[in-house]
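Asks: sequence-free structure coming up:
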């Protein structure tokens, strides 16, 4: 199968919700994604599995396997919801999603980016650092279910 990274569309929301529920203890709702997609300063992306050259795709294979987004406020991008289904991790999907997000946001004029990540999420922290993000602060008790601090990371 082939993977395509592209802008999220309204019809992607059911698949995105499956990713959210598999990855987050407090996932966004369909209503939140629908409203977010209407914001002129929000840009969300999906990683979509496509059939192979023979046109075949197994029925049990999810179509949307990852997603991420950014909200650009006066040239400052807040990155949200970076997630990939557990069975598809370790294949560089998050990196591809984030590279497209960073490139396209930069082309629109976003100059700095920020995000929060669970302090114990070592794989995500390593990915963000490899893309130029640096930890600049901590939000104590930011996450619930389970309770954990958030690192505030910036790419300037």
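Replies: On my side now, so go ahead. As the structure is a computational prediction, the values presented were derived from the model and not from experiment.

Asks: For the chain, give me the ranges with low pLDDT.
Replies: 53-62 (pLDDT under 70).

Asks: so what are the domain limits for it?
Replies: Using automatic domain parsing, the domain parsing of the chain gives 2-110, 114-156.

Asks: Next, format the ones you listed as a markdown table and append mean neighbour count.
Replies: (Each C-beta comes from the backbone N, C-alpha and C, glycine too.) Formatted as a markdown table, the domains of the chain follow (neighbours: other C-beta atoms under 10 Å):
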| stretch | mean neighbour count |
| --- | --- |
| domain 2-110 | 16 |
| domain 114-156 | 15 |
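
Asks: Help me confirm that residue 47 is found in a strand?
Replies: Yes. Counting by DSSP: H, G, I helix; E, B strand; the rest coil, residue 47 is part of a strand.

Asks: Excluding chain neighbours, give the residue nearest to it in space.
Replies: Excluding its sequence neighbours, the residue lying closest to residue 47 (C-beta to C-beta, 6 or more residues apart in numbering) is residue 66, at 3.6 Å.

Asks: The one you found and residue 100, how far apart?
Replies: 11 Å (C-beta to C-beta, to the nearest Å).
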